[in-house]
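Enquirer: What follows is a predicted protein model with its sequence.
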Amino acid sequence: MIYLWAFVVGGLICVIGQLMLDGLRLTPAHTTSMLVVAGAVLDGFGLYEPLIDFAGAGATVPITSFGNALVHGAMAEAEQHGLVGVITGIFEVTSAGISAAIVFGFMAALVFKPRG
Amino acid sequence: MSNKQKKKLSPVQQEYQDFVNKREPQRPLFQNCIRAFLVGGTICLIGQLISQFYMQFLDFNEQTAGDPTVATLVFLAVLFTGLGVYDHLAQWAGAGTAIPVTGFANSIASAAIEHRSEGFVLGVGGNMFKLAGSVIVFGVFAAFVIATLKVILLQGLGGV
């Protein structure tokens, strides 16, 4: 069942993105930035975690989960160290996505040649 | 074009702008949304399969399986970007490939590969986040504001 919900919820988030691209004529950069902020805001109200429980990868794979993870890392550290923890913990959970993208992206630049 | 920019145009330019708007092909919104739904959903489905794998065979639970799943998807997206497959798919799928975390990886990898000819430091290092940078900047700043507000509110209520 979780597979079905992952497909449906993930697909719907992409449809929202498509509507922003085509309907509002935003650039992909504007769209993804706004979705990240939306994910952060949703987590601020505690609404993103239930979505992950419900849809699994349907909620963790779209870029919105990036905003959610940033707030999560910041809040986890803040519980221990107060306001300083917001700064020190912000990348704690997102490390996987960003470091993987940097490492593999650099490797790709070493290995692959640009294509026309 | 926004109204503000429109006011600066001369009448002839305005006429031309209207002409362009009329000639611009209508975007097939419904078809694009279906494509985005199918491809985006499939990518999330693959993500779910990967996280199930991590939960079954490696020592991850539902909460922690998300990180290695994202890393795996990023790896796959970079690989397919390098092979030139991802961009073909993106042409067809629109937001279906841009919104999942694979789109983030694609933008980093394609910028890195594209600017390789300018050298590794100035080209690859300097341009890697050209497209993905805005996501990180706005994500981090929004998260900072939200987390700070939340901490202050919770402390004010005697929490934390």
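Expert: Ah, there it is. This is a predicted model, so every value here is computed, not measured.

Enquirer: surely A:Gly105 meets B:Asn106?
Expert: No - counting by Cβ atoms under 8 Å, A:Gly105 does not reach B:Asn106; the two are 9.5 Å apart. Any C-beta I mention is one placed from the backbone N, CA and C, and that applies to glycine too.

Enquirer: Find residues that contact each of the two.
Expert: B:Val78 (Cβ atoms under 8 Å, 6 or more residues apart in numbering or on different chains).

Enquirer: Relative to B:Leu122, how far out is the most centrally placed residue in chain A?
Expert: Nearest to the geometric centre of chain A sits A:Phe66, at 2.2 Å (Cα atoms, centre = their mean). In this view, A:Phe66 and B:Leu122 are 27 Å apart by Cβ to Cβ, to the nearest Å.

Enquirer: in the host helix or strand of A:Val15, what counts as buried?
Expert: According to DSSP states H and E, A:Val15 maps onto helix A:2-22. Under the neighbour-count criterion of 16 or more other Cβ atoms under 10 Å in any protein chain shown, helix A:2-22 has A:2, A:5-22 buried.

Enquirer: Repeat that for stretch B:86-103.
Expert: Buried, per 16+ other Cβ under 10 Å, within stretch B:86-103: B:86, B:90, B:93-103.

Enquirer: among these, which are in reach of chain A?
Expert: B:94-96, B:98-103 (Cβ under 8 Å from any Cβ of the partner chain).

Enquirer: quick one: the helices in chain B?
Expert: Remark: helices assigned in chain B by DSSP state H are B:3-7, B:11-23, B:29-57, B:66-82, B:85-93, B:95-98, B:101-114, B:126-127, B:133-156.

Enquirer: Out of these, flag the one nearest A:Pro50.
Expert: Judged by Cβ to Cβ, the one of the helices of chain B that comes nearest to A:Pro50 is helix B:66-82, at 14.7 Å.

Enquirer: Show residues contacting that closest one.
Expert: So helix B:66-82 is contacted by A:52, A:57, A:60-61, A:65, A:69, A:93, A:95-97, A:100-101, A:104-105, A:107-108, A:111-112, B:43, B:46-47, B:50-51, B:54, B:58, B:60, B:86-87, B:89, B:100-106, B:108-110, B:113 (Cβ under 8 Å, 6+ apart).
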